[in-house]
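A.B. asks: Let's see this in three dimensions:
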Amino acid sequence: MASNVADQARASAETGRAANEIARAGSANAEEAATKMQEMQESMDSVAGIMQGLGDRSMQIGLIVDVITNISEQTNMLALNAAIEASGRASTAAASRWWQKRSATWPRAAARPPTRYRKW
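C.D. replies: As a prediction, the model looks like this:
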């Protein structure tokens, strides 16, 4: 019986040592998992910061594109206005030249009647 109790005590001690080794291995695995989770958290924080920066830059680029679009629209309107003004001035200038030629002879024509008539 004493031998039986000693065998059971040894078996219990062996089981306790094995459980202790498993617990130490589990503890080391848990610490490693915690370390990896901390690294993952830091990586996710870094990615979140990068994504925030990209979002801010995207908004800035959108504002720049809006400014360029507005400038382009204004330039197109100015070009159209200049074309309209140039067209109006060209027709006014042509009419003005015609009127100057036509009216330049009127005072003389009224003062002296033509001596002969031209055939048109």
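
A.B. asks: Tell me where the model's unsure across this structure.
C.D. replies: Within the chain, the segments meeting pLDDT under 70 span 1-2, 90-120.

A.B. asks: hey, where'd the helices end up in it?
C.D. replies: 2-104, 106-111 (DSSP state H).

A.B. asks: Quickly compare those and say which is most buried.
C.D. replies: helix 2-104 (a mean of 10; mean count of other Cβ atoms under 10 Å). C-beta coordinates here come from the backbone N, C-alpha and C atoms, glycine included.

A.B. asks: Figure out how far that helix is from the centre of its chain.
C.D. replies: Relative to the chain's own centre, helix 2-104 is displaced by 11 Å; criterion: Cα atoms, centre = their mean, to the nearest Å.

A.B. asks: For the residue most central in space within the chain, give its distance to N81.
C.D. replies: Among the residues of the chain, I61 comes closest to the average C-alpha position under Cα atoms, centre = their mean, at 3.2 Å. For I61, the distance to N81 equals 30 Å [Cβ to Cβ, to the nearest Å].

A.B. asks: hmm, back to that, separation between the residue nearest to the centre of the chain and V67?
C.D. replies: Using Cβ to Cβ, one obtains 11 Å as the distance from I61 to V67.

A.B. asks: what's the answer for A30, then?
C.D. replies: 56 Å.

A.B. asks: do I22 as well
C.D. replies: 67 Å.

A.B. asks: Likewise for A82?
C.D. replies: 22 Å.
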